[in-house]
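[1] kindly generate the corresponding structure for this input.
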Amino acid sequence: MATKASFTPEEWQRLLDSPLLASMAVTAADPSGLIGLVQEGFAASRALAEAKSAAGGNALIKAVAADFETKEGREAARDGLKARFAGSPAAELKPKAISALREVASLLDARAPEDARAFKSWLEDLARRVAEAAKEGGFLGFGGVQVSEAEQATLAEISAALERTA
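    Residues are numbered from 1 along each chain as shown. This next block holds a predicted model:
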């Protein structure tokens with residue numbers, strides 16, 4: 001089982017960024033307005049909190065989730081995303097996030113093969129929870145769909161980037 005010590009600081013940064021990248025890709029696929037954005041953010045936060053306390057959960061996932069509980073971990077994740085997306089137009093957010101998730105998948109396969117499947121599955125679950133957090137379309141909460149076609153397509157792209165099937 002891999003731990004934080006199994007990775008260089010740069011590699012750990014990629015792992016730390018990955019839950020935010022998965023969330024960002026879904027949110028960028030079909031922006032839900034302010035309330036939807038907040039709901040999607042809470043869904044990602046809940047997924048992180050639950051991962052840390054999951055009985056029998058993967059140690060690598062728990063280590064990433066635990067880093068988000070510290071001020072330093074949150075700042076590192078924020079700074080990592082700022083550096084990755086600085087100057088990027090909104091249209092490039094999703095493709096860049098998907099590309100970065102592809103890099104994370106390769107890193108996991110190379111450095112933590114025994115943890116790769118569980119970690120990738122967790123990222124997919126987090127992205128799905130974000131997609132399901134807010135209705136898309138409709139007006140004043142009426143109508144709309146739970147997961148839009150754009151979000152469904154993005155979930156499939158995330159699965160492909162993580163070398164998993166949708």
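[2] residues making contact with the least confident helix or strand in the chain by mean pLDDT?
    Of all regular secondary-structure elements in the chain, judged by mean pLDDT, DSSP states H and E, the least confident is helix 33-53 with a mean of 84. For helix 33-53, contacts defined as Cβ atoms under 8 Å, 6 or more residues apart in numbering pick out 19-20, 22-23, 26-27, 31-32, 57, 61-62, 64-66, 68-69, 122, 125-126, 129-130, 132-136. Any C-beta I mention is one placed from the backbone N, CA and C, and that applies to glycine too.
[3] count of neighbours near the residue nearest to Ser18 when sequence neighbours are not counted?
    Spatially, and ignoring its direct neighbours in sequence, Ser18 is nearest to Val104 (4.7 Å; Cβ to Cβ, 6 or more residues apart in numbering). When neighbours are counted by other Cβ atoms under 10 Å, Val104 registers 23.
[4] who are the contact partners of Val104?
    14-15, 17-18, 21, 123, 162.
[5] which of those count as buried?
    14-15, 17-18, 21, 123, 162 (16 or more other Cβ atoms under 10 Å).
[6] now, the most widely separated pair of those?
    Greatest spatial distance in those: Asp17 and Leu162, 14.1 Å, computed using Cβ to Cβ.
[7] how many residues are close by Leu108?
    With other Cβ under 10 Å as criterion, Leu108 counts 26.
[8] ok, it to Leu20 distance?
    Separation of Leu108 from Leu20 (Cβ to Cβ, to the nearest Å): 16 Å.
[9] one more: Asp109?
    Where Leu20 is concerned, Asp109 sits at a distance of 21 Å (Cβ to Cβ).
[10] and those two? Which one has more around it.
    Each of Asp109 and Leu20 has its neighbours counted (other Cβ under 10 Å); Leu20 has more, 21 against 14.
[11] residues in contact with that one?
    Residues counted as contacts of Leu20 (Cβ under 8 Å, 6+ apart) are 44, 77, 81.
[12] from these, pick the one nearest Pro113.
    Using Cβ to Cβ, those come closest to Pro113 at Ala77, 24.3 Å.
[13] surely Ala127 touches Val26?
    Yes: with contact defined as Cβ atoms under 8 Å, Ala127 and Val26 form a contacting pair (5.2 Å).
[14] where do the contact lists of these two overlap?
    Common contacts of Ala127 and Val26, defined by Cβ under 8 Å, 6+ apart, comprise 154-155, 158.
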